[in-house]
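Colleague: Quick one: sequence plus predicted model below, questions after.
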Amino acid sequence: MWDSLATGANTVPQLHLDPDRALPPDPATRELARTVYAQTRSLPLLCMHGHVDAALLADDTPFGDPAGMLITPDHYVTRLIHAAGVPLEALGVGTPDPDSRAIWRTFCANWRLFRGTPSRYWLTHELVDVFGVDTAPSEATADQLYDELTARLAEPAFRPRALFERFGIEVLATTDSPLDDLDAHARLAADGWGSRVIPTFRPDALVHLARPSWIADVAALAKRADVATDDYDGYLTALRARRQAFIAAGALATDHGHESADTTPLSDAEARRVYAAALAGQVTPADAAAFAGHMLFQMAAMSCEDGLVMQLHPGVLRDHNDEAHRRYGPDRGFDIPVAVEFTRSLRPLLQSFGRHPALRLILFTVDETVHTRELAPLAGVYPAVRLGAPWWFLDSPDGLRRFRAAVTETAGFYNTAGFVDDTRAFASIPARHDLARRIDAGHLAGLVAGGLLDLDEAVETAVDLAYTIPREVYARPAG
Amino acid sequence: MWDSLATGANTVPQLHLDPDRALPPDPATRELARTVYAQTRSLPLLCMHGHVDAALLADDTPFGDPAGMLITPDHYVTRLIHAAGVPLEALGVGTPDPDSRAIWRTFCANWRLFRGTPSRYWLTHELVDVFGVDTAPSEATADQLYDELTARLAEPAFRPRALFERFGIEVLATTDSPLDDLDAHARLAADGWGSRVIPTFRPDALVHLARPSWIADVAALAKRADVATDDYDGYLTALRARRQAFIAAGALATDHGHESADTTPLSDAEARRVYAAALAGQVTPADAAAFAGHMLFQMAAMSCEDGLVMQLHPGVLRDHNDEAHRRYGPDRGFDIPVAVEFTRSLRPLLQSFGRHPALRLILFTVDETVHTRELAPLAGVYPAVRLGAPWWFLDSPDGLRRFRAAVTETAGFYNTAGFVDDTRAFASIPARHDLARRIDAGHLAGLVAGGLLDLDEAVETAVDLAYTIPREVYARPAG
Amino acid sequence: MWDSLATGANTVPQLHLDPDRALPPDPATRELARTVYAQTRSLPLLCMHGHVDAALLADDTPFGDPAGMLITPDHYVTRLIHAAGVPLEALGVGTPDPDSRAIWRTFCANWRLFRGTPSRYWLTHELVDVFGVDTAPSEATADQLYDELTARLAEPAFRPRALFERFGIEVLATTDSPLDDLDAHARLAADGWGSRVIPTFRPDALVHLARPSWIADVAALAKRADVATDDYDGYLTALRARRQAFIAAGALATDHGHESADTTPLSDAEARRVYAAALAGQVTPADAAAFAGHMLFQMAAMSCEDGLVMQLHPGVLRDHNDEAHRRYGPDRGFDIPVAVEFTRSLRPLLQSFGRHPALRLILFTVDETVHTRELAPLAGVYPAVRLGAPWWFLDSPDGLRRFRAAVTETAGFYNTAGFVDDTRAFASIPARHDLARRIDAGHLAGLVAGGLLDLDEAVETAVDLAYTIPREVYARPAG
């Protein structure tokens, strides 16, 4: 039964990119949106929160095969095909020696599953605009497409740095562990790419004491920072040292993925006690959770000192399925959001630093209920707080629309951080920025059509959201 | 004061069904929606989750009077009139010998209360399309309407089976207790209607140990299943036996209404202990709640064995008002939703069975906040999970629209179960399916108008949502 | 960096009020909306829940300067400028001797921050429609605007009572402590304004036992009511006496701002114990919270006796930032919503009084998730319950739209309380009512355009929402 859905013949022959895609349907509003979009479509791309591997650009080796580039590493793609009953192994996930052409055929046969999803939008954009291919994926066209894409990927113009240039990326931030030696970034700097590809400091593994690898990780931190981490004070010193190393390598920001947004600080004595217990392998789950919240507070304090922008992405239960985690590893589509709370959770941090002139704290959520209720009111009064762009599943036409509709009336446009993409799919970066610019153009056009904003203000705001605001929010503080 | 609202003169003379009702307002999008809708409007109706009494069709006796058919049993109608200050008794609820004409007059005088509600939509559809009446209800027209409807209901064409045929229903699932002898279904089968009207296994009364009738119910279960239920193992065996009896009578699915979505299994020893305590009349509320969650886990295990589709409807606090419950019984509009949680609650079940090839688990919610946050991410990765159609209050134009807008980008169309109505108002069935087809046509037309989907894909998807998907999701597994 | 955002040149030269502002963009729907709006735009304004100071109208002294009228007291305005990094002191907040012209310049230089917010909408309406000014605020125009507005405010036509008449306000309810002597209302009554400006009984300070001023407040209550409050029974008697004094002064309603919606009653003995402990300065936080819930129950009981409409505004954590509270006092933008629960919390109250013919309970929320899930189902069945208009941050174009879209299908229009504004910004009152009428016209036009309602019904409903319903909901019970 599932087979008929999963492999049915797909009769759509051509892909095309409608020049008005994702703009509002009403003709007068659409015309206004076109005017606004025309002013932002060619602006450079600021990619301040990416998950592309810096080595990809440092090495600049060709991507290889279509499945290895577009399918297997993209959990947005593999999860939906898996949900239709296809084993992840058939998509190259957890397979030591994947058959790229077979994976590609499976993807093409399941093209219909992506209708209405942003993956469909991104993949279409990539095929047409990045690869110049206009055949729609289907069982019948899979091999032809595979051959065409393979040929393209062998061309110099499709190597990572060439695509980076073609995409008009101005800055690409990667996400990196404090344990990372930043060698790829050093090699990029040596090639003159140091300010174009920058690291981001993501200490999650080191602040969650109950992770199995934590004891080994703080030992590695000591080595990397050349600071003993056998007590809590040394641990803080080592983290500060790594933040400085990241800043020296061009980092502008930190990134924090926590299940909760709790920021309650512990006393120094309590923090020392919990840290010591964790080193002894005896931390309780409650103490580990409290320590994670405490460390968000500490990270804000350090950001006030060193000027790194703080990005917080709470509210996701990672690795929902243990068996899938064992077989396939993390980031395979089994991270599922949970309800999140910000008002009370962030209060300790904001009491201490929310009006500190040096802090910029960017808040992201996959629980949309907090947009009007908590995040927009917080961002609308605390100078330190900015609202991050729709993240994860919400980086989509309706997700982006709902974000603007939910937060703008309470927080305005200028308490957001502008558009920030969040992807490990390198080729999808232009599609994501382009989509955000279209949605923002449509939202602003709606305000103009509704008599709530003048067109020149709409254009200026669109440029600010696409470029000016993120450039300023993530800038190093003067002095 | 309330009187002037409740009984004010209503000057609307005619009812009419706009051929474009519930389609998008933008002319170009509406034209696309018409094209899509034209391909689904005449498809047969699959009614996989109904609350119509099987005896109605087994007996095929005439419906009787208009109030007894359209008003008194429909708590969507009676609740809104009650909320305006009219006693439920005036609508025949809790009245041993109701005055049908007086009830009808009260309804007509309160017609304005239904503006903007799906009841208005369904009732208009029923009056115009099912009964061929085009006079709008009002104090002035109440008697004339009553007489017209009474005359229609006396015609053979308005008996239940004739309407069933006229509505184009292919399958109607009823909802039945494991204690039910399925006699009505047997009589239908004897008339050749066995595959058209099928039972659904709903064991709620038997898994909630704290219900006052539970001890009597498990005794009745023993008798019905011919299996002793004086211990937990016998109880499971009896439930398995009844599931087999339902399958033999054509059942395709189970249905579960729980306040929470918890699915944490107990150990066998713990389950036996709690069951024994309940039989002794000594179960604690906490143990009863834990046992209910445990039984959802058990039901999923049994579905993996016997192939019954599992439907879960959590998140409703039943019988919010004790006095109303005592006077009027259940299902009178006093069931009120509460916040619900799926990510953590379903985790035990999905860890064990979420990737099991034999399980299909359809999740319904009246808490819309979980659509983007939890349900779409779960359905977008677990092969077993499908999203149920908007349920209860949400089976409405805006409710259906919000559902598609919320879940499609993350889960696509093919991780939903297609349209499933949920009604005890037999005459409203065609209106409900028709409305869902209109809203889906509008949603798909919006994607086409926005350049995100091709028209032929939109048409195919609309047919899949209306017919192909529910037929496949609820199909018996091969072999 | 922040400076460039906060003080950038603003090139928009003119303000204008689009006659179709906030109406739907689709031309056919807009035309219908115009027809509906034309019937409500000139209706009198019923302002049943305001925060204007009665002394303003009793004294009828001129407003003074533009910043003192429009900027400093309006925390919607000051918070957004503060969020851009401007100290609140620069806006006159917490400043003993503010420089009005400098404040006005700072506001004008930050005009862009309000794009897309209701403050922008209200301020534009006030400048153009109330003050007859059409120069857009900017650094360049600040002084000219300041001088124009100052000149206007010196005219007799801009004194409070003249504006009240010009605005077409029929009734303005203020919000008053039980400790208030209602002197301003007495003076208004002496001038024949007694039925035009009425008090509202807001006992929050007296029912939250843990507030630092509580012991002094109940002592003051005893004095004001001339009833000893040294035990719980006297306290209730004193509250009853003040309710009667308010009723004598024209009050129609009570108002209750609680963090939670809990309404669980305590036993008399328990209430007496907690009250006594509080008087002794020894109440626990848990007891204080329980007592607040208990008092909501008591207030409902008293409303059943004396006919005051009960308004409940739960779900806000007041004074999120202690330092800002110390420096600037309450109501400065640092009140942040939290998730709220109604179904279980209101159950005790609704079990006892939800079907009582004398109770009208109007529920407001800033947590929009409860609209479809809890509030509309409760209002759709309990005769006592009405849904309040979107409140606080949600009194905005999209906020008002979402409210109608969320609640109407489940509760209809006639279980709402119609439009109720909630402002301390006197000059914004007409803009707020006008906006609500536009949004309701648009919503109703959408139903007509979608074939779901007839135009004459839409017009009647719009008039009911704007005027008839609030007049009836807040009316004194006959007899």
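Modeller: It's in.

Colleague: burial measure for the nearest residue to A:Leu43 once chain neighbours are set aside, as a count.
Modeller: Leaving aside its sequence neighbours, A:Leu43 sits nearest to A:Tyr467 (C-beta to C-beta, 6 or more residues apart in numbering or on different chains; 4.6 Å). All C-beta spots, glycine's among them, are computed from the backbone N, C-alpha and C. Using other C-beta atoms under 10 Å in any protein chain shown, A:Tyr467 has 20 neighbouring residues.

Colleague: where does the stretch 101-250 of chain A have low pLDDT?
Modeller: Scanning the stretch 101-250 of chain A with the threshold set as pLDDT under 70 gives no residue ranges.

Colleague: Can you name the residue of it nearest to chain C?
Modeller: Of all residues in the stretch 101-250 of chain A, A:Val171 sits closest to chain C, at 16.0 Å by C-beta to the nearest C-beta.

Colleague: With chain A instead?
Modeller: A:Gly451 (2.7 Å).

Colleague: now A:Leu56, nearest residue through space, not along the chain?
Modeller: That would be A:Pro160: by C-beta to C-beta, 6+ apart, it lies 5.1 Å from A:Leu56.

Colleague: Spit out the contact partners of the residue nearest the centre of chain A.
Modeller: Central residue of chain A (C-alpha atoms, centre = their mean): A:Asp422, 1.9 Å from the mean position. Neighbouring residues of A:Asp422 by C-beta atoms under 8 Å, 6 or more residues apart in numbering or on different chains: A:His49, A:Gly50, A:His51, A:Ala389, A:Trp391, A:Trp392, A:Asp395.

Colleague: Tell me which two of those sit farthest apart.
Modeller: A:His51 and A:Ala389 (14.7 Å; C-beta to C-beta).

Colleague: With neighbour numbers in mind, choose between those two.
Modeller: A:Ala389 (25 against 17).

Colleague: Name the SS class of that one, please.
Modeller: At A:Ala389 the chain is in coil, as set by DSSP: H, G, I helix; E, B strand; the rest coil.

Colleague: Hmm, it is touching A:Arg404, no?
Modeller: No: using C-beta atoms under 8 Å, A:Ala389 is not in contact with A:Arg404, being 10.0 Å away.

Colleague: Now the helix or strand harbouring A:Gln351: buried residues?
Modeller: According to DSSP states H and E, A:Gln351 maps onto helix A:347-353. In terms of neighbour count (16 or more other C-beta atoms under 10 Å in any protein chain shown), helix A:347-353 has its buried residues at A:Arg347, A:Pro348, A:Leu349, A:Leu350, A:Ser352, A:Phe353.

Colleague: From C:Gly85, how far off is A:Tyr382?
Modeller: Per C-beta to C-beta, to the nearest Å, A:Tyr382 is found 10 Å from C:Gly85.

Colleague: still on that earlier bit, can you name every helix or strand that the helix holding A:Gln351 contacts?
Modeller: helix A:285-306 (3 or more C-beta pairs under 8 Å, 6 or more residues apart in numbering or on different chains; DSSP states H and E).

Colleague: do the helix it packs on and chain B meet?
Modeller: No: judged by C-beta under 8 Å from any C-beta of the partner chain, helix A:285-306 stays clear of chain B, getting no closer than 14.3 Å.

Colleague: same thing with stretch A:123-130?
Modeller: No: judged by C-beta under 8 Å from any C-beta, stretch A:123-130 and chain B are separated, with a smallest distance of 8.7 Å.

Colleague: Straight-line length of that stretch, end to end?
Modeller: 10 Å (C-alpha to C-alpha, to the nearest Å).
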